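Participant: Here is the input, now give the coordinates:
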Amino acid sequence: MHCYCGSGLGFLECCEPYISGARLAPTAEALMRSRYSAFSAGNAAYLLASLHPSKRASESLESLKQSFSGTQWCSLRIISSRNGVVGQASGEVEFVAFYRSGEEISQLHEHSRFVCENNQWLYCDGDMLPALKLGRNDDCWCGSGLKLKKCHPD
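Facilitator: The predicted model follows:
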């Protein structure tokens, strides 16, 4: 099975080792990708564990689990990644996550901030950005690899 994050790797060699706790995400981008995969797989425990402790009080396992209901994550696009590698204390990732809720297709476009504490990357917070406008020649939102005009033309 291909990884949810769209890396092109299999789930077992990409995000699963981070989600299962077998390894720590080596970069802020790897953590962001694994968090997207955890949303896709419905793993609320990992989402809480990878959230900075100062932010955990505002989230609960139950509210995360409820948020999975009725949401199908379709694809992830990394727009940019700054810093967030080994030896750095912080990093930033801009991404767009496309999802389906009922019949409606929506997107979460965010500029996220991460910190590395005790060799572990943690998600801190993010700024919501306007939705991306996709052109007919852009890759389709569904992750098929086809152009939008060929896959979902309307």
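
Participant: What residues does the residue nearest to the spatial centre of the chain make contact with?
Facilitator: In the chain, the residue lying closest to the centroid (CA atoms, centre = their mean) is Tyr36, at 2.7 Å. Listed by CB atoms under 8 Å, 6 or more residues apart in numbering, the contact partners of Tyr36 are 4-5, 73, 76, 95, 97. Every C-beta, even on glycine, is put in place using the N, C-alpha and C of the backbone.

Participant: you'd agree it is in a strand?
Facilitator: No. Checked against DSSP: H, G, I helix; E, B strand; the rest coil, Tyr36 lies outside a strand; its state is helix.

Participant: where's it relative to Glu92, distance?
Facilitator: 16 Å (CB to CB, to the nearest Å).

Participant: Run through who's touching the lowest-mean-pLDDT helix or strand in the chain.
Facilitator: Across the helices and strands of the chain, mean confidence by mean pLDDT, DSSP states H and E is lowest for helix 61-68: a mean of 83. Residues outside helix 61-68 that contact it (CB under 8 Å, 6+ apart) are 39, 42, 44-45, 47-48.

Participant: starting at the chain centroid, how far to that helix?
Facilitator: Here helix 61-68 shows a centroid-to-chain-centroid distance of 16 Å under the convention CA atoms, centre = their mean, to the nearest Å.

Participant: What of stretch 143-154?
Facilitator: 21 Å.
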